[in-house]
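Colleague: Build the 3D model from these lines:
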Amino acid sequence: MHRLSIRAHVMRACMRIVVKGSVGADPAIDLVRRRLALIGRLIPAPPRGTETITLNAGGVQADRIATQASRDDRYVLYLHGGSYVAGSPALYRDLTWRVATICRARVLCIDYRLAPEHPFPAALDDTVAAYRWLLAQGAEPGHVVLMGDSAGGGLALAALLRLRDEGIALPAAAAVVSPWTDLALTGESLRLNAAIDPVIPIKLAPRVIGLCLAGAEAHHPYASPLYGDPTGLPPTLIQVGGDEVLRDDATRMAEKMRAAGCQVEIDVWPRMWHGWHMLPRVLPDAKAALARIARFMEDKL
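Modeller: Next comes the predicted model:
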C-alpha cells in the first residue's frame, strides 16, 4: 500500500487553499480559462531534446510529443481533464514528455472542443476522429494506449465504447486517472468526500454538467461510460485517490468492467486527491503513479 509522502501532505494543504478555496460560488467559464492560461505560462518547458509538433489529427488540433526514448511504433493518445469546459495540451507539457519517456511512446495530446461552445458529443467526436487518424497514419491498434485524467479519463472510456460499437479496432489498453464516469452524480463518495476532497468543489458540478450536456441525457453511455456495457473493452488500469469525490466513479466502473469479463486493475491511493499525477516534478507519489502506468503499458504493448 502506498504511504503518503511528506511533500504530499504539504501539497494537499496547499491545494485546499489555492485550488478549492479560490473557487467562487459560480465562477464564469471564461474566468476559469483565463486563470488556467496564466498557470500555463508558469509550467516548465520540456527538457532539451523533446520534440513537440502541433498538427492536424483528423480535423482535431493536437500536440505530438516525442523524446529520445520514444519508439516510432508506439502511441499514447492522451485526453486532458478540465470538466469538458477547460484545459489544453499546453497545461500538460510537463506531464506528456514524461509519459513519452517512461512509456517509450509518442504521445498525441489532443485539443478537443470544449463546452459550452461545443457540448456533448463534440469532445467524443474529436477523440474518435484523432484515433482513426492515428490508424490511418499507420499506427497498429495493438501499439496504441488511450490515457486520460478526470473528464479525459471518462472520455477515454466513452471512446472505447463508441469505437467498439462502430466496429473499429480497439487499442491495446487504457490507463485512466480519476475518471469522471457518471455525469448523473450518483456516487456515494460525492457526499462522503465532499469536505475532505482538497480540489473539487462538487457543488458546482450540476452547472458544469448542464453546460457539457446541453440537454443530452446524463445516463447516455457515451457521456457517462458507467452506464454502458463494457463487454469486450481492452485491458484497463484505473487509478483514483481515496479522498476524491469521484472515487466511486472509478471503483464502480472497475466493478462493472470486471463483471463483464474485462481485464481491469484498479489502484485506490489512500488520501490522494484528484489528478495528483499532474505533479511529478514535486511529488514522489505522482512519479510512483506514472511508473505504475508505465509498467502496465509495457505489459500490454
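Colleague: Please verify my assumption that residue 84 contacts residue 212.
Modeller: Yes - contact between residue 84 and residue 212 holds when scored by C-beta atoms under 8 Å: they sit 4.4 Å apart. Backbone N, C-alpha and C define where each C-beta goes, glycine included.
Colleague: shared neighbours of the two, anything?
Modeller: Both residue 84 and residue 212 are contacted by 115, 120, under the criterion C-beta atoms under 8 Å, 6 or more residues apart in numbering.
Colleague: These two: which is more packed in?
Modeller: For residue 84 versus residue 212, neighbours defined as other C-beta atoms under 10 Å are more numerous around residue 84 (30 against 24).
Colleague: For that one, give its distance to residue 230.
Modeller: 21 Å (C-beta to C-beta, to the nearest Å).
Colleague: Let me know the pLDDT of residue 147.
Modeller: The confidence metric pLDDT takes the value 98 at residue 147.
Colleague: scratch that, residue 236 is what I was asking about
Modeller: As predicted, residue 236 sits at a pLDDT of 98.
Colleague: List phi and psi for it.
Modeller: According to degrees, to the nearest 10, the main-chain angles of residue 236 amount to phi -140, psi 140.
Colleague: So what sits opposite it in the bridge?
Modeller: On the basis of DSSP bridges, residue 236 takes part in beta bridges with residue 174, residue 264.
Colleague: What segments of the stretch 1-150 of the chain are strands?
Modeller: In chain order, the stretch 1-150 of the chain shows strands spanning 51-56, 61-66, 75-79, 106-110, 144-149, with DSSP state E, counting those that start in this stretch as the criterion.
Colleague: phi, psi of residue 272?
Modeller: In this entry, residue 272 is assigned phi and psi values of phi -80, psi 160 (degrees, to the nearest 10).
Colleague: now it: how far from residue 96?
Modeller: 21 Å.
Colleague: Sketch out the low-pLDDT regions of the protein for me.
Modeller: Residue ranges of the chain with pLDDT under 70: 1-4, 6-27.
Colleague: spatially speaking, which residue is in the middle of it?
Modeller: By C-alpha atoms, centre = their mean, the mean C-alpha position of the chain lies nearest to residue 149, the distance being 1.7 Å.
Colleague: What number of residues are in the vicinity of residue 216?
Modeller: Residue 216 is flanked by 15 other residues according to other C-beta under 10 Å.
Colleague: how about the nearest residue to it once chain neighbours are set aside, what does it touch?
Modeller: Closest residue in space to residue 216, ignoring its immediate chain neighbours: residue 120 at 4.9 Å, by C-beta to C-beta, 6 or more residues apart in numbering. With contact taken as C-beta under 8 Å, 6+ apart, residue 120 is in contact with 84, 212-214, 216, 220, 222-223.
Colleague: ok, 7 Å please
Modeller: When contacts are counted by C-beta atoms under 7 Å, 6 or more residues apart in numbering, residue 120 touches 212-214, 216, 223.
Colleague: which two in the residues you listed are spaced the farthest apart?
Modeller: The widest separation within the contacts of residue 120, taken as C-beta to C-beta, falls between 214 and 223 and amounts to 10.8 Å.
Colleague: who has more neighbours, these two?
Modeller: When residue 214 is set against residue 223 and neighbours are counted by other C-beta under 10 Å, the residue ahead is residue 223, at 28 against 12.
Colleague: so how far is residue 67 from that one?
Modeller: When C-beta to C-beta is the yardstick, residue 223 and residue 67 sit 35 Å from each other.
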